[in-house]
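Undergrad: what follows is a protein structure lacking sequence information:
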């Protein structure tokens, strides 16, 4: 009979659904408003995070550009005197020192780091995993610790501050960064390529040289350039070992004390002479320019790599 | 016997076997090169750790546990107690995290979901640009821009807002734990944004769409679906950022005030472990070199621990996704 159908007990699930729908439609206005506000706060926080970046860039350009000139870039620093307070000279030896330090550190670090990366990409042993952990933890250690290391094992035996001590510190800083990047790049090489090489009868050394390394090259290069960009800007490790923060001599020999852009920035920033304090911004601008050259090069390489992967 | 007659010969032709054997063995130099270099790097790390321990040893021998628990650090003559430095290191890092965690997570969400699609790559590179600025430049900027700003505006504002109560009490000197923490927050922001963005990107689209289809709004999906399911990786990102903040040296040394005393408030000038090593190492005499190396050792233990934790967390997050 149809009467029994009408008198069925109410379905709790349907009731609950109706209740949820009622509540949802009642609160939808408020919830949408909260959501809009919330997303606006998120975007606002992101824009707020960019304010310091803008301020740093503006300060660098506004205060740094006036000191940049050809003389500033290639002359030696000059000690200002009471007579000539604005004669600060140039930063030629600091640019030279930075380039020598970082190129040498790169030359030491790259072969070691790439081979360590290759080892890590091939091994599954317990020792390998342990080394991988060490490499990752090393990338996060404060760089000043490497200054203490280079001081104890290079400066103390040599009895003098030297470029080579800075090179040692920076090289140890760079190795884990490059090793990590190249391990990832080597792991990204399709195993079919590797097996094809081995199936042709090539030894693993030949496969590594002829197949893995060329294919992984862009990734390795990105890591190298990133590590260089980081090393160029590092102050803490070389502060302890390379030499005085402000030095007035040319030196191409890493066995002797050297000058460097980050050191000079640090030295000038706390100077008693207003002209040197102003020049600190010029040094900083030059330093940031060098860092950006390496950063942009690494972005270019990785962008190209991504494009090639897609094709 | 009949059963073995049809089976293939158990040994391949001898010349092939010989070539396989030779090709495997003749790669020994290659294997030695790989293992040797890896071993060499491992040794360098051991020597590195040893160098810090060795330099610190005389001070550890002389002062013992007072190096950690002593509450006075007097440069040049001693005593050398790192407690104020440890407190300052932790409090600058805490300030940095309090600022960088909300801003960093908001930026990560904005970069992934909220900013117009065409602008996302450019916006991401701007955040990466923050990481490319060398720390000495942040120090210079803090020294000449933020110190006056903090003296004239930020510190009076905070003091006014809280009625001069702790932790916003004391004279407005600019150089302070608060300022160092603020500079650090900018420096660790790119780390937190980049890693938490990568982790959040692995949250399955099903979960997000499920939430939306149930009628949840975007903010509800963010706070109740996205962030909870990425929490392990986000914790890892925060730990990595904390590791950077604990060990950051030059920028902190330039703005923190080089005052190795236990702070009264966030407005007190201070000195962190790393900044003290940087500013004192050059003119250390007598026992101080060893004491500074002991600071380096403390810093190494703390940051290695934090980084190992961060590594475990991010790996767990990746394994789960």
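TA: Perfect, thanks for sending it. It should be emphasised that the depicted structure is a prediction, and the values quoted were computed from it without experimental measurement. Residues are numbered from 1 along each chain as shown, chains lettered A, B, ... in the order given.
Undergrad: can you name every helix or strand that the helix or strand hosting residue B:37 contacts?
TA: Using DSSP states H and E, residue B:37 sits within helix B:28-63. Counting by 3 or more C-beta pairs under 8 Å, 6 or more residues apart in numbering or on different chains; DSSP states H and E, the packing neighbours recorded for helix B:28-63 are helix A:92-122, helix A:126-140, helix A:144-150, helix A:163-187, helix A:204-207, helix B:288-320. Where you see a C-beta, it was placed from the backbone N, CA and C, and this is true even at glycine.
Undergrad: mind redoing it with 6 Å?
TA: With contacts taken as 3 or more C-beta pairs under 6 Å, 6 or more residues apart in numbering or on different chains; DSSP states H and E, helix B:28-63 sits against helix A:92-122, helix A:144-150, helix B:288-320.
Undergrad: packing partners of the last one?
TA: In other words, helix B:288-320. Using 3+ C-beta pairs under 6 Å, 6+ apart, helix B:288-320 sits against helix A:126-140, helix A:144-150, helix B:28-63, helix B:231-247, helix B:273-280.
Undergrad: gap between the residue lying closest to residue B:243 once chain neighbours are set aside and residue B:49?
TA: In space, residue B:243 comes closest to residue B:306 once its chain neighbours are excluded; the distance is 4.3 Å by C-beta to C-beta, 6 or more residues apart in numbering or on different chains. Residue B:306 is 16 Å from residue B:49, where distance means C-beta to C-beta, to the nearest Å.
Undergrad: do residue B:57 as well
TA: For residue B:57, the distance to residue B:49 - C-beta to C-beta - is 13 Å.
Undergrad: for residue A:288, same thing?
TA: 33 Å.
Undergrad: number of residues surrounding residue A:250?
TA: Using other C-beta atoms under 10 Å in any protein chain shown as the criterion, residue A:250 is surrounded by 13 other residues.
Undergrad: confidence score at it?
TA: Looking at residue A:250, its pLDDT reads 81.
Undergrad: try residue B:202
TA: For residue B:202, the model assigns a pLDDT of 91.
Undergrad: can you check the one 10 residues further on too?
TA: Here, the pLDDT recorded for residue B:212 equals 89.
Undergrad: that one: neighbouring residues, count only.
TA: Residue B:212: 14 neighbours (other C-beta under 10 Å).
Undergrad: quick one: it from residue B:111, how far?
TA: Note on residue B:212: its distance to residue B:111, by C-beta to C-beta, is 20 Å.
Undergrad: over to residue B:204?
TA: Counting by C-beta to C-beta - residue B:204 and residue B:111 are separated by 19 Å.
Undergrad: where does residue B:269 land in three-state SS?
TA: State at residue B:269, reduced to three classes by DSSP: H, G, I helix; E, B strand; the rest coil: coil.
Undergrad: for it, which non-adjacent residue is spatially closest?
TA: Nearest to residue B:269 is residue B:257, by C-beta to C-beta, 6+ apart, at 2.6 Å.
Undergrad: who touches residue B:316 in this structure?
TA: Contact analysis of residue B:316 by C-beta atoms under 6 Å, 6 or more residues apart in numbering or on different chains lists residue B:232.
Undergrad: tell me which of the helices and strands packed on helix B:288-320 is the most buried.
TA: Most buried of the helices and strands packed on helix B:288-320, by mean neighbour count (mean count of other C-beta atoms under 10 Å in any protein chain shown): helix A:144-150, with a mean of 29.
Undergrad: what's the closest non-adjacent residue to the closest residue to chain A within the stretch 51-200 of chain B?
TA: In the stretch 51-200 of chain B, no residue comes nearer to chain A than residue B:134, which is 2.8 Å away by C-beta to the nearest C-beta. Closest residue to residue B:134 apart from its sequence neighbours, by C-beta to C-beta, 6+ apart: residue A:233 at 2.8 Å.
Undergrad: hmm, the one you found is touching residue A:292, no?
TA: No. Residue A:233 is beyond contact range of residue A:292, at 10.2 Å (criterion: C-beta atoms under 6 Å).
Undergrad: between those two, who's got more neighbours?
TA: Each of residue A:233 and residue A:292 has its neighbours counted (other C-beta under 10 Å); residue A:233 has more, 26 against 15.
Undergrad: quick one, phi/psi of the more buried one?
TA: phi -90, psi -10 (degrees, to the nearest 10).
Undergrad: look at residue B:191 and report its pLDDT.
TA: Predicted confidence (pLDDT) for residue B:191: 94.
Undergrad: show me what contacts it?
TA: B:240, B:241, B:244.
Undergrad: how far away is it from residue B:131?
TA: Taken as C-beta to C-beta, the span from residue B:191 to residue B:131 is 7 Å.
Undergrad: any low-confidence regions in the stretch 51-200 of chain A?
TA: Residue ranges of the stretch 51-200 of chain A with pLDDT under 70: A:80-86.
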